[in-house]
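Colleague: Generate a structure from the sequence data that follows.
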Amino acid sequence: MKKYEEIHIWEFPPAKTFICLEETFRINLFNKLFNVFGTQQRLIKFINQKSIKYGIKRNYGTGHIYGWIKGKKFDRGKIKNINIPLWMLIEFSKLKGVASLNKIESKIEAYGCGGKCNQITEPKLPIILTPELVSVIFHLMGDGHIGKTGVCSSYRQMNKTGLMQFYTKLTNNFGNFKYSKAEFRDGRLNIPKTITNFYETYFELSDTDTFKAYLPKNIKSLSRDFLIAGLCAFIVDEGNICDVITIYSKNRKLIEDVREIGIKCGYICYEIKEKYAYGKFDCYRFNISSKSYKDMYADIKRISKSFPTCDLAQKMRRFIEKIH
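Modeller: Presented below is the predicted three-dimensional model:
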């Protein structure tokens, strides 16, 4: 497989990411910190001074130190995990003789965004910047939803093949996480907030509102395989395959971006038109010509050898039927 760029845990949003470290390493880490600072109070002072840089509006104390060392606490009859803020580990790594960021990353057992949010366990770190990773962005712009603070992010797909394929993309790239089997049966997958936090930060997704979302230049300028994988993901969510592939969206800017990507992939894409239902505006749409089907199929077959989830999922059979 082609060698792709690595994305490390310290490239996640530092004030929104919380880390569970392997126990022995975690205890040794704090022992080294006590040796560096001499007392807990000096360590606490260091932490509180550095927190200002990350916009943290709270003061830490000895209880926090104890919690981070133990890694958990007993609260209201339940054992709760206490994870270490990523920004803190970044600052600790700058101290001589404590631990490098690479070493810290290798000892991560889980990570999340704090509170009751769903954690990533058995994490796949560093993350690899692949077409499959990028294709998730197109799903988030399609049937996905990135929730604001306090609101769950989710993906809706009534077809179980398509839903499972999206879930597999997440676990392939990030690791395992818990999800509601009942909601999954109803066509919904709640996405761990730490995953959508990562996408918003790393890929600079400045506005993910349904009617304002767009694909930034850093995504549209990626190489062709990334764009093909992304286009396929959007077709899975928002496309209809017949004598042409029709792609729909109520968001004019977003559909312009998707069409631009289709053209960059070398496919024949017709002009965007407005679709009306019962005399009222319904959405925007454009078609990909059937003359591009064979080229697209060859591209999908090639990419799918390395990334099996980067095809047209439940719509693949229909697509193949239209070619032959």
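Colleague: Could you pull out the strands in the stretch 151-300 of the chain for me?
Modeller: 153-156, 188-191, 239-241, 245-249, 273-277, 280-288 (DSSP state E, counting those that start in this stretch).
Colleague: List of residues touching the first one?
Modeller: Contacts with strand 153-156, where a contact means C-beta atoms under 8 Å, 6 or more residues apart in numbering, come from 139-140, 143-147, 163, 166, 187-193, 195-196. C-beta: built from backbone N, CA, C; applies to glycine.
Colleague: Can you list the strands that it pairs with?
Modeller: Here strand 153-156 has these sheet partners by DSSP bridges: strand 144-145 (antiparallel), strand 188-191 (antiparallel).
Colleague: of all those strands, which lies closest to Phe92?
Modeller: Phe92 lies closest, by C-beta to C-beta, to one member of those: strand 188-191, at 29.3 Å.
Colleague: Relative to Ser106, which of the strands of the stretch 151-300 of the chain is closest?
Modeller: Closest to Ser106 of the strands of the stretch 151-300 of the chain, according to C-beta to C-beta: strand 188-191, at 25.6 Å.
Colleague: Could you name the helices and strands sitting against the helix or strand of the chain with the lowest mean pLDDT?
Modeller: Taking mean pLDDT, DSSP states H and E as the measure, the chain has strand 72-75 as its least confident helix or strand, at a mean of 74. On a contact count with 3 or more C-beta pairs under 8 Å, 6 or more residues apart in numbering; DSSP states H and E, strand 72-75 meets strand 78-81.
Colleague: And the strand it packs on, what does it pack against?
Modeller: Helices and strands touching strand 78-81, by 3+ C-beta pairs under 8 Å, 6+ apart, are strand 72-75.
Colleague: which outside residues touch the strand it packs on?
Modeller: So strand 72-75 is contacted by Gly67, Ile79, Lys80, Asn81, Ile82 (C-beta under 8 Å, 6+ apart).
Colleague: what residues are up against the first one?
Modeller: So that's Gly67. Applying C-beta under 8 Å, 6+ apart, we find Gly67 in contact with Lys73, Ile82.
Colleague: Any figure for the gap between it and Lys291?
Modeller: 62 Å (C-beta to C-beta, to the nearest Å).
Colleague: for the helix or strand containing Gly67, which positions count as buried?
Modeller: For Gly67, the host element (DSSP states H and E) is helix 62-70. Using 16 or more other C-beta atoms under 10 Å as the test for burial, helix 62-70 gives His64, Ile65, Gly67, Trp68, Ile69.
Colleague: Could you do stretch 168-178 as well?
Modeller: Across stretch 168-178, burial judged by 16+ other C-beta under 10 Å covers Lys169, Leu170, Asn172, Asn173, Phe174, Gly175, Phe177.
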